[in-house]
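Visitor: coords please:
(one chain, ligands or ions: 2)
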Amino acid sequence: MTAANPHDTARILVEALPYMQRYDAATIVVKYGGHAMGDAEAARWFAQDVAILKEVGINPVVVHGGGPQIGAMLDRLGIKSEFKAGLRVTDQATVEVVEMILAGSINKNIVASINAEGGRAIGLSGKDGGMVAARKVTRSVIDPESKIEEVVDLGFVGEPDRVDRTVLDWVIASDLIPVVAPVASAIDGPQTYNVNADTFAGAIAGAVGAKRLLLLTDVPGVLDKDRNLIDQLSVEQARRLIADGTISGGMIPKVETCIYAVERGVEGVVILDGKTPHAVLIELLTEGGAGTLITR
Ligand SMILES: Nc1ncnc2c1ncn2[C@@H]1O[C@H](COP(=O)(O)OP(=O)(O)O)[C@@H](O)[C@H]1O
Ligand SMILES: CC(=O)N[C@@H](CCC(=O)OP(=O)(O)O)C(=O)O
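Guide: Ligands and ions are numbered 1, 2, ... in the order given. As a prediction, the model looks like this:
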């Protein structure tokens, strides 16, 4: 690595200071998508960024996904899987794999990466301390052949019904960094529910009164029909782009989450590319933030 020009270093620090003051002791929810965690170098940048945030007095809460990694394991096990309205249809065999991958290997790998960068991370899932209770989700989709709208049963797919912030508050107030897997128990029993990680992150951000919510993915943000980045979207414009099909697949729960969070008072909800170097630090502590900002 070449030594940085001292003037550049000083400029960066001077630029970062007001942002550090603005976010001092604030809670920032960072959703780390399965597509963003693809390569080792990007995973290291992410872990460094999270550890540094805590070090400078900001409280990051990491919520992670792992859709591609769940898909790879289901393939290896010969379990077929399909998505409807951006959500994985989840039977009992699938939900067991989902929990194994999300709350098991992925969660612990992220914890270990943050710890390797000098942080102190603790892995949790929505089940721990009764943090998230989920209710079953149903969705309507338009059948591509008949064009008739039908209600689909997604199985054990849930959305947060209640969030109990007790455990998160304890962890946030300590020197630990919570890393949360998006699985939850049912509101009325021990059944495990698979919750889309974006939806889960939005519910956590709303419940803990996060100052910002960052959704890290593998595209620069929301793209228009010509694949150009849209740098700012109002809630109304976002709804229109979902309705006309410009926003599809996994981007639907992401944008819906942004709308949910903005409506609950979270300032600065951004979808950005988690594979660019130090995306989190640059977004929070410099003027060089990128991605799509969703506003009221
Ligand atoms: N308008 C859009 N702009 C950007 N990405 C879109 C859009 N519509 C659909 N997508 C898809 O959404 C994907 C991101 O969602 P997803 O695969 O669930 O990511 P993650 O694993 O990071 O949560 C993109 O890779 C892209 O294929
Ligand atoms: C219901 C549902 O679709 N759950 C997701 C949970 C993981 C996730 O959301 O991961 P990403 O953020 O990487 O997409 C799934 O099974 O893939």
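
Visitor: and Val269, bridged to which residues?
Guide: Leu213, Ile294 (DSSP bridges).

Visitor: give the contact list for it.
Guide: Arg212, Leu213, Leu215, Cys258, Ala261, Val262, Leu293, Ile294 (C-beta atoms under 8 Å, 6 or more residues apart in numbering). C-beta coordinates here come from the backbone N, C-alpha and C atoms, glycine included.

Visitor: what about the last one, neighbour count?
Guide: Just to be clear, that refers to Ile294. Neighbourhood size, Ile294 [other C-beta atoms under 10 Å]: 28.

Visitor: Over to the second one?
Guide: When neighbours are counted by other C-beta under 10 Å, Leu213 registers 31.

Visitor: now the third one
Guide: Under the neighbour criterion other C-beta under 10 Å, Leu215 is assigned a count of 33.

Visitor: doesn't it fall inside a helix?
Guide: No. Assessed with DSSP: H, G, I helix; E, B strand; the rest coil, Leu215 is strand; it does not lie in a helix.

Visitor: I'd like the distance between it and Asp8.
Guide: Remark: distance between Leu215 and Asp8 (C-beta to C-beta, to the nearest Å) = 30 Å.

Visitor: Also the first one?
Guide: In this view, Arg212 and Asp8 are 26 Å apart by C-beta to C-beta.

Visitor: Between these two, which has more neighbouring residues?
Guide: Arg212 (21 against 9).

Visitor: Just confirm that one contacts Val29, I think it does.
Guide: Yes. Assessed by C-beta atoms under 8 Å, Arg212 is found in contact with Val29 at 7.4 Å.

Visitor: what's the helix or strand for Ile70?
Guide: Mapping Ile70 onto the secondary structure by DSSP states H and E places it in helix 67-76.

Visitor: Kindly apply the preceding question to Asp24 instead.
Guide: With DSSP H and E as the criterion, the answer for Asp24 is that it lies in no helix or strand.

Visitor: The closest residue to it other than its chain neighbours: what secondary structure?
Guide: Spatially, and ignoring its direct neighbours in sequence, Asp24 is nearest to Gly57 (5.2 Å; C-beta to C-beta, 6 or more residues apart in numbering). Under the three-state scheme (three-state DSSP), Gly57 adopts coil.

Visitor: which ones are touching Gly57?
Guide: Going by C-beta under 8 Å, 6+ apart, Gly57 touches Met20, Asp24, Ala25.

Visitor: Can you classify the first one by secondary structure?
Guide: Put simply, Met20 is helix when judged by three-state DSSP.

Visitor: So it sits against Leu53, correct?
Guide: No. Counting by C-beta under 8 Å, Met20 does not reach Leu53; the two are 9.5 Å apart.
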